[in-house]
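Colleague: I'd like to go over a predicted model; first the sequence, then the structure.
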Amino acid sequence: MNKLEKDDIIQKLIEKGVNSPCPRCGNDAFTLVDGYFNQTIQDSVSGFLVGGTGIPSIVTACTNCGFLSQYALGALGLLPDQLWK
Ligand SMILES: [Zn+2]
């Protein structure tokens, strides 16, 4: 994740009004985790699926307690096919 990507993500979070304090400890400072996440959607709880459909996302971490908040890139308008239209 480069600085331009990080800046775009932070700007989108601001536009979406993501500015409440940490739901666990009340701290108001977060850091953007340096990378993307892609949780896989499984149609069963048994086994472990590698590949398949997923939800590309980013994560912020509370700087006090480490609580992680996950945001879908699609909802932020940051999926590659959304950016290139
Ligand atoms: Zn916290």
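Modeller: Looks like it arrived, so ask away. Numbering: from 1, shown residues only.
Colleague: near the ion at all, stretch 67-74?
Modeller: Yes. Stretch 67-74 comes into contact with the ion (Cβ under 5 Å from the ion), by way of Phe67. Placement of C-beta: from N, CA and C, glycine included.
Colleague: Now that stretch: buried residues?
Modeller: Within stretch 67-74, the residues that count as buried by 16 or more other Cβ atoms under 10 Å are Ser69, Tyr71, Leu73.
Colleague: quick one, helices of this structure?
Modeller: Here the chain has its helices, by DSSP state H, at 3-15, 80-83.
Colleague: okay, the ones you listed in JSON lines with mean neighbour count and distance to the ion next?
Modeller: Shown next, in JSON lines, are these (neighbours: other Cβ atoms under 10 Å; distance: least, Cβ to the ion, whole Å):
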{"stretch": "helix 3-15", "mean neighbour count": "13", "distance to the ion": "16"}
{"stretch": "helix 80-83", "mean neighbour count": "9", "distance to the ion": "30"}
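Colleague: Which one, of those, ends up nearest to Thr40?
Modeller: Of all the helices of the chain, helix 80-83 sits nearest to Thr40, with 18.5 Å by Cβ to Cβ.
Colleague: And the contacts of the closest one?
Modeller: Gly74, Gly77 (Cβ atoms under 8 Å, 6 or more residues apart in numbering).
Colleague: how far out from the middle of the chain is that helix?
Modeller: 16 Å (Cα atoms, centre = their mean, to the nearest Å).
Colleague: repeat for stretch 51-64
Modeller: 4 Å.
Colleague: same thing with stretch 27-45?
Modeller: 5 Å.
Colleague: same question, stretch 18-28
Modeller: Worked out by Cα atoms, centre = their mean, stretch 18-28 lies 16 Å from the chain centre.
Colleague: For Phe48, find the nearest of the helices of the chain.
Modeller: helix 80-83 (26.4 Å).
Colleague: Ala72 contacts Pro56, doesn't it?
Modeller: Yes. Using Cβ atoms under 8 Å, Ala72 is in contact with Pro56, at 7.2 Å.
Colleague: residue contacts, the residue nearest in space to the middle of the chain?
Modeller: Geometric centre of the chain, nearest residue: Ile58, 2.1 Å, by Cα atoms, centre = their mean. Residues counted as contacts of Ile58 (Cβ under 8 Å, 6+ apart) are Ile9, Leu32, Val33, Tyr36, Phe37, Gln70, Tyr71, Leu73, Leu76.
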